[in-house]
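1. I'll drop the sequence and a predicted model, then ask my questions.
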Amino acid sequence: MIMIDRSRRLAEPLRWGRREKAGAAVVAALVLAVVGLAVFAFTGSSSRSGAGCIEVTFASTLGGANLHACGRRARELCASPQSNPGAAAEGALRAACRHAGLPYGP
């Protein structure tokens, strides 16, 4: 019968041979690699402001809004904050202009 010595076999702990240990190590390495790539992908930001660029996140009517400008457009936004009152309301535009080294306000 199939059930002969089943209780004895179930009572013994599993024995891991060389092949099982290698398989577990490969699976663990793959899991660590995927987790590492996910952490890198979510923490790395490719939209960092460069020199002379501003990037502002502010409250908008539909949620959060992003404002990204460089060069002449960034200087115009910093020189006339009243043109974009949402970005200027909480001081985020002022901080971004200061960080970029651009004069704020008229």
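-> Nice, I can see it. Residues are numbered from 1 along each chain as shown.
2. Please pull out the lowest mean pLDDT helix or strand from this structure.
-> Within the chain, no helix or strand scores below helix 85-89, which has a mean of 73 by mean pLDDT, DSSP states H and E.
3. what helices or strands is that helix leaning on?
-> Counting by 3 or more C-beta pairs under 8 Å, 6 or more residues apart in numbering; DSSP states H and E, the packing neighbours recorded for helix 85-89 are strand 53-60, strand 63-70. For every residue, glycine as well, the C-beta is placed using N, CA and C.
4. Please identify which of these is closest to residue 90.
-> strand 53-60 (6.4 Å; C-beta to C-beta).
5. and that closest one, which strands flank it?
-> Paired with strand 53-60 in the same sheet, following DSSP bridges, are strand 63-70 (antiparallel).
6. which strands and helices sit next to the helix or strand just after the partner strand?
-> Proceeding N to C from strand 63-70, the next assigned helix or strand is helix 72-79, under DSSP states H and E. In terms of contacts (3+ C-beta pairs under 8 Å, 6+ apart), helix 72-79 is packed against strand 53-60, strand 63-70, helix 92-100.
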